[in-house]
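Participant: I'll drop the sequence and a predicted model, then ask my questions.
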Amino acid sequence: MLLAINEYELLHRKHLKRGRPPKLTVENKLLMMRMYYREYRTFFHTAGSYGISEGQCFK
């Protein structure tokens, strides 16, 4: 699953070196999504586990 996500991001990226680098890696984003679907945790609790804001969990 991780390989498919990385391939998709490389092929569909508009600007390669623009903007601020993300706080979470693709691996952490995938793990966060799986935790959300398995445990139905709120974004508030999931964000606390990763040290990011609740709004960044939506992305």
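Facilitator: The structure has been received and is ready for your questions.
Participant: What residues does the most centrally placed residue in the chain make contact with?
Facilitator: Central residue of the chain (C-alpha atoms, centre = their mean): Lys29, 2.7 Å from the mean position. Residues in contact with Lys29 (C-beta atoms under 8 Å, 6 or more residues apart in numbering): none are found. In this view, the C-beta of every residue, glycine as well, is placed from N, C-alpha and C.
Participant: in what helix or strand does it lie?
Facilitator: Taking DSSP states H and E as the definition, Lys29 sits inside helix 26-39.
Participant: Show me which parts of that helix are buried, residue by residue.
Facilitator: Along helix 26-39, these residues count as buried under the neighbour rule (16 or more other C-beta atoms under 10 Å): 29, 32.
Participant: in this protein, which segments are predicted with low confidence?
Facilitator: Within the chain, the segments meeting pLDDT under 70 span 59.
Participant: What segments of it are helices?
Facilitator: Under the criterion DSSP state H, helices of the chain are mapped to 2-11, 26-39, 43-50, 54-57.
Participant: Determine the angle, from 0 to 180 degrees, between the first one and helix 26-39.
Facilitator: Helix 2-11 and helix 26-39 meet at an angle of 130 degrees, taking axes from the mean of the first three to the mean of the last three C-alpha atoms, to 10 degrees as the criterion.
Participant: Would you agree Asn6 is in contact with Glu27?
Facilitator: No: contact criterion C-beta atoms under 8 Å: Asn6 and Glu27 do not qualify, at 9.6 Å.
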